[in-house]
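>>> coordinates only, no sequence provided:
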């Protein structure tokens, strides 16, 4: 069975085509600048780059974009026809409290996605556009929604509720939902395999570090706490997001004359690593600048690692035991320097970095980066959200049949 995985943003369509007989990637790519006449398709088939091409005028919406992608897959020999695709898996950001697992898309699922557009205004509308476009381009393939929030739906009330008036929760749905759930779920399952333990017996702290960053406490294979909240702004310091701040800062700045939409924009787009350093939201740039004496770049990296260490300490305290802290995402998988600074901040938990393991565990390699004698085991496990979506899609289609 071939599964087509689609991740639609407001201005992009990322995709991968899997042969589920061996979970190999037949093709992958991205359509950029959706919504403009400069939309451009990048496609790789069987590890070979196919020439990028402009979609051109009239090809700037998701509907025409998906049709163009499918035609390109056929032209490049990745599939013989649309009938070869047995299911389409869609990354959907927000299912709120309504859906706790991946589902075949029907009217009720579409309604849930639509109803929660207010909670994910930048993502759910684009996810809906992708579902509509894929349904038109691949009318015979079952469409499956895989929700970012699903893995985090197991959080207990003491973790997901905020200490605010009850009607804020009941009327306005103010609670912690969390994000990156598909990544945290994949890493949990993969780490259990690597530790040779049943997933129901692993206790982990999974740390997804990219431009967006989040952490999940996992007890017995299930999420029991998470760093992001009602929105992705809560929690860790990120590329351009502030993470945790005193909420009164918002009202203080409003009192100083700033508009609320300006404050929100700056907290999401001009804060975090970029806001502190003043030069970049890219960890590679900051490590390089810090090494040459840029104090603000160095401070940004230290604050980033310090916040992670604080969450590790908090999550360690609520878990019955801890098998490993697991780093993933672009920074977690590839930044040797950032991992070194994080380990330095965890010396209070007797973390002892193995420099050789740290250097070796990049580029898709999984394994521990601490010594065998370390009081805290820290692992790197590459994530694969697309494969998780493909697996869920295959399972949902098989269950329906």
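Right, received. Where do you want to start? Bear in mind the structure is a predicted one, so any value in this text is a computation, not a measurement. Residues are numbered from 1 along each chain as shown.
>>> show me what whichever strand or helix holds residue 310 is packed up against.
Per DSSP states H and E, residue 310 falls inside helix 295-318. Helices and strands touching helix 295-318, by 3 or more Cβ pairs under 8 Å, 6 or more residues apart in numbering; DSSP states H and E, are strand 204-209, strand 213-219, strand 222-226, helix 272-277, helix 283-291, helix 336-345. To be clear about C-beta, it is placed using only N, CA and C from the backbone, and glycine gets the same treatment.
>>> check which element follows it along the chain.
Heading C-terminal from helix 295-318 (DSSP H and E), you reach strand 324-328.
>>> can you list contacts of that following strand?
183, 187, 191, 195, 204-209, 312, 333, 339, 342, 346, 368-369, 376-383 (Cβ atoms under 8 Å, 6 or more residues apart in numbering).
>>> show residues contacting the helix holding residue 310.
Helix 295-318 has contacts (Cβ under 8 Å, 6+ apart) with 205, 207, 209, 213, 215, 217, 224-225, 227, 235-237, 243-244, 273, 276-280, 283, 285-287, 289-290, 322, 325, 337-338, 341-342, 344-346, 348-349.
>>> buried ones only from those residues, please, as a ChimeraX command.
Remark: buried members of those, expressed as a ChimeraX selection using 16 or more other Cβ atoms under 10 Å:
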select :205,207,209,213,215,217,224,225,227,235,236,237,243,273,276,277,280,283,285,286,287,289,290,322,325,337,338,341,342,345,346,349
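>>> which SSE is the residue lying closest to residue 174 once chain neighbours are set aside in?
Excluding the flanking residues, the one nearest residue 174 by Cβ to Cβ, 6 or more residues apart in numbering is residue 168, at 4.3 Å. Here residue 168, judged by DSSP H and E, is contained in helix 166-172.
>>> same check, this time on residue 262
Assigned by DSSP H and E, residue 262 falls in helix 260-269.
>>> show me the shaky parts of this protein.
Residues of the chain meeting the criterion pLDDT under 70: 51-60.
>>> quick one on the thing from earlier: quick check: buried residues in the helix holding residue 262?
Residues 263, 267-268 are the ones in helix 260-269 that count as buried (16+ other Cβ under 10 Å).
>>> can you check stretch 362-377 too?
366, 368-370, 374, 376-377.
>>> stretch 307-317 now?
For stretch 307-317, by 16+ other Cβ under 10 Å, it's 307-309, 311-312, 315-316.
>>> quick one: the helices in the stretch 101-250 of the chain?
Secondary structure of the stretch 101-250 of the chain (DSSP state H, counting those that start in this stretch): helices located at 107-115, 124-137, 157-160, 166-172, 181-194, 248-255.
>>> so which elements touch the shortest one?
In terms of contacts (3+ Cβ pairs under 8 Å, 6+ apart), helix 157-160 is packed against strand 222-226.
>>> packing partners of the strand it packs on?
Using 3+ Cβ pairs under 8 Å, 6+ apart, strand 222-226 sits against helix 157-160, helix 181-194, strand 213-219, helix 295-318.
>>> ok, the buried residues of stretch 307-317 vs residue 80, which is closest?
residue 308 (47.2 Å; Cβ to Cβ).
>>> picking that back up, and of the buried residues of helix 260-269, the nearest to residue 2?
Using Cβ to Cβ, the buried residues of helix 260-269 come closest to residue 2 at residue 268, 37.1 Å.
>>> identify the residues contacting the closest residue to that closest one other than its chain neighbours.
Spatial nearest neighbour of residue 268, excluding adjacent residues (Cβ to Cβ, 6+ apart): residue 241 at 5.5 Å. By Cβ under 8 Å, 6+ apart, the contact list for residue 241 reads 212, 232-233, 267-268, 271-272.
>>> outline the domain layout of the chain.
2-147, 191-385 (automatic domain parsing).
>>> and these: which comes nearest residue 395?
Shortest distance between residue 395 and these, using Cβ to Cβ, is found for domain 2-147: 7.6 Å.
>>> can you give me how far that closest one is from the chain middle?
Centroid displacement of domain 2-147 relative to its chain, using Cα atoms, centre = their mean, to the nearest Å, is 17 Å.
>>> before we move on, the earlier item: let's have the domains of the chain in TSV, adding distance to residue 161.
Conversion of those to TSV gives the following (distance: least, Cβ to Cβ, whole Å):
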stretch	distance to residue 161
domain 2-147	12
domain 191-385	11
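>>> for residue 178, which of those is the nearest?
Closest approach to residue 178 among the domains of the chain (Cβ to Cβ): domain 191-385, 3.8 Å.
>>> any idea how far residue 323 is from residue 183?
If you measure residue 323 against residue 183 using Cβ to Cβ, to the nearest Å, the figure is 18 Å.
>>> residue contacts, the spatially closest residue to residue 129 that is not a sequence neighbour?
Sequence neighbours aside, residue 62 is the residue nearest to residue 129 in space, at 4.2 Å (criterion: Cβ to Cβ, 6+ apart). Counting by Cβ under 8 Å, 6+ apart, residue 62 touches 8, 13, 34, 126, 129-130, 132-133.
>>> tell me the one among the residues you listed nearest to residue 84.
residue 133 (18.7 Å).
>>> spit out the contact partners of that closest one.
8, 61-63, 65-67.
>>> one more: residue 95?
Counting by Cβ under 8 Å, 6+ apart, residue 95 has contacts 112-113, 116, 145, 147-150, 153.
>>> same question for residue 67.
133, 136-137.
>>> let's go with 6 Å and repeat that
Residue 67 makes contact with residue 137 under the criterion Cβ atoms under 6 Å, 6 or more residues apart in numbering.
>>> what's the burial count for the closest residue to residue 274 other than its chain neighbours?
Counting by Cβ to Cβ, 6+ apart, residue 281 is the residue found nearest to residue 274 once chain neighbours are left out, at 4.0 Å. Using other Cβ atoms under 10 Å, residue 281 has 20 other residues around it.
>>> what about residue 281, distance to residue 106?
Residue 281 is 39 Å from residue 106, by Cβ to Cβ.
>>> try residue 72
Distance of residue 72 to residue 106, given as Cβ to Cβ: 29 Å.
>>> secondary structure class for residue 68?
Secondary structure assignment for residue 68 (DSSP: H, G, I helix; E, B strand; the rest coil): helix.
>>> that one: neighbouring residues, count only.
Neighbours of residue 68 using other Cβ under 10 Å come to 19.
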